[in-house]
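K.L.:
Give me a 3D structure for the following:
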Amino acid sequence: MSQGQYKPKLTTLHNAKARTSESRSLVLKRFILVGAAAGFIVAVGVGIWEHYSQDDLSRSWAFANEIRCNNLNVVVHSPDHRDALIACEGARDAIEFLASQDLDVTINISIEIVTNLPPVVSRSAAGCYLESERRVLILVYSEFRKFKTWFRISINRLLYRSLISHEVAHLVADYNFKISKPSIQAKEYIAYATQLSTMEPALRKRVMSNFKYEAFEGDWQLSETIYMFDCMGFGVRVYQHFLNQANGRDYLQSILNGKVLVE
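P.N.:
Coordinates of the predicted model:
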């Protein structure tokens, strides 16, 4: 199926909301139980109370901020509920698109919405995929907005959703590569093809109008140097290349099988 035929679906996340409400209730109950036990524990020793309190609150916090996306093998950990719901939407976009391209999407996916990315990640990044740990990390939306623009467009939540699709695509592709060390351009081709294909059509039109680039003509142009110099321009040209009827699904499979875009 070509990218032009892909149409992202809006999803409902009632179960996720219900789970979050249940989680908050359980946290409150836990807090009450901890408070009731405080008198006894203090009598035993302050050190034991401090250890118990920190451990309990840590587990409660993680549980309260976990959302399982409806009908997906996706879990989102986020301090902001709205960010988590958008993460579910972005993950669904990526999964449905990559499934249409014959990738195995049955893996379990965990997305972490964080206030800071690891120090090893470029300060210009708003999200990342840590291959060694197979972790997807995304900045909270409030931090993402500080970049002001993305793809030369004022940042909004639709761009945020596409950012999440990009990073989830990295994770799914990682499980589908048939070669041990795919090139940077191979990995980014799949991520950008996913991101631009699933982007809301009006938003994608605005993005494309901001980059007066022509599609890559062949593998020889899809270089790591071009990606490093202008990653978003690289992504736009990838999308145009992918739309070519000679490419599409077959080209993605060739990337995964190590037949093209190898070092």
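
K.L.:
List the contacts of the strand or helix carrying residue 254.
P.N.:
Following DSSP states H and E, one finds residue 254 within helix 248-256. Residues lying outside helix 248-256 but in contact with it, judged by CB atoms under 8 Å, 6 or more residues apart in numbering, are 1-3, 100-103, 173, 176-178, 182, 186, 189-190, 193, 241-242, 260-261. Backbone N, C-alpha and C define where each C-beta goes, glycine included.

K.L.:
Could I get the CA-only coordinates of it as PDB?
P.N.:
Taking C-alpha atoms only, helix 248-256 is exported to PDB below (Å, rounded to 0.1, in the frame of the first residue of the first chain):
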ATOM      1  CA  GLY A 248       6.800   2.000  -1.400                       C
ATOM      2  CA  ARG A 249       6.400  -1.300   0.500                       C
ATOM      3  CA  ASP A 250       8.900  -3.200  -1.600                       C
ATOM      4  CA  TYR A 251      11.600  -0.600  -0.900                       C
ATOM      5  CA  LEU A 252      10.900  -0.700   2.900                       C
ATOM      6  CA  GLN A 253      11.300  -4.500   2.800                       C
ATOM      7  CA  SER A 254      14.500  -4.200   0.800                       C
ATOM      8  CA  ILE A 255      15.800  -1.900   3.600                       C
ATOM      9  CA  LEU A 256      14.900  -4.300   6.300                       C
END
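
K.L.:
give the contact list for the closest residue in space to residue 221 that isn't next to it in sequence.
P.N.:
Nearest non-adjacent residue to residue 221, counting by CB to CB, 6 or more residues apart in numbering: residue 237, 7.9 Å away. By CB under 8 Å, 6+ apart, the contact set of residue 237 is 211, 213, 214, 215, 216, 221.

K.L.:
Out of these, which is nearest to residue 76?
P.N.:
Comparing those against residue 76 with CB to CB places residue 211 closest, at 30.5 Å.

K.L.:
where does that closest one land on pLDDT?
P.N.:
Residue 211 carries a pLDDT value of 95.

K.L.:
Also residue 25?
P.N.:
45.

K.L.:
Walking through the chain, point out its helices one by one.
P.N.:
For the chain, the helices defined by DSSP state H occupy 14-44, 46-64, 81-100, 141-144, 157-176, 184-198, 201-210, 224-229, 231-243, 248-256.
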